[in-house]
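> Structural data only, the sequence is not supplied:
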């Protein structure tokens, strides 16, 4: 193959190669001095930002797990308190019912005692009244018996029957 017949752009000259190499080295040197450190700094900053974001995400995840645990423990504590309150309410209710029943029993016993006392008092009053009536009847009968001259048993019996009839008629 003959390189002399190719266009000049494909077959560069030795001087052109030198100047191209020199331009490349200058550009590379400027980039190495100013460009690459800036790019590396930006990449490092981006890497640090990503690492920091991952660390914060991990911390947030741990906090979320802790919050979930705390929420569960608070919920469990609330359930226990609810059970305790319900138990106390049941005990209070039972105590109140027992107290009310005891009060009702005491009130019933008191009313029963008062009723018995009233009945006893009325019984005594009735007995006293009956005794008074019996005494009055006895005095009336004795008075009538003494007024009459009783000669025999038959006349005494007639007198007693008559008096009993009179007493029965009065009532």
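Done, it's in. All values derive from a computational prediction rather than experimental measurement.
> pLDDT below threshold where in this protein?
Within the chain, the stretches with pLDDT under 70 are 1-12, 145-152, 171.
> Helices of that one, start to end?
For the chain, the helices defined by DSSP state H cover 14-30, 36-147, 153-170.
> need the ones you listed in TSV with mean neighbour count, can you?
Where C-beta positions appear, they are placed from N, C-alpha and C, glycine not excepted. Below are the helices of the chain laid out as TSV (neighbours: other C-beta atoms under 10 Å):
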stretch	mean neighbour count
helix 14-30	10
helix 36-147	10
helix 153-170	11
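> Quick check: residue 100 vs residue 94, distance?
11 Å (C-beta to C-beta, to the nearest Å).
> Could you do residue 126 as well?
In this view, residue 126 and residue 94 are 47 Å apart by C-beta to C-beta.
> what does residue 13 give?
Counting by C-beta to C-beta, the gap from residue 13 to residue 94 is 114 Å.
> How about residue 138?
For residue 138, the distance to residue 94 - C-beta to C-beta - is 64 Å.
> try residue 60
50 Å.
> Ok, residue 75 next?
29 Å.
> now swap in residue 48 and tell me
Residue 48 is 68 Å from residue 94, by C-beta to C-beta.
> ok, now residue 106?
18 Å.
> Same question for residue 52.
The spacing between residue 52 and residue 94, counted by C-beta to C-beta, is 62 Å.
> ok, now residue 17?
Residue 17 sits 108 Å away from residue 94, going by C-beta to C-beta.
> Sounds good, over and out.
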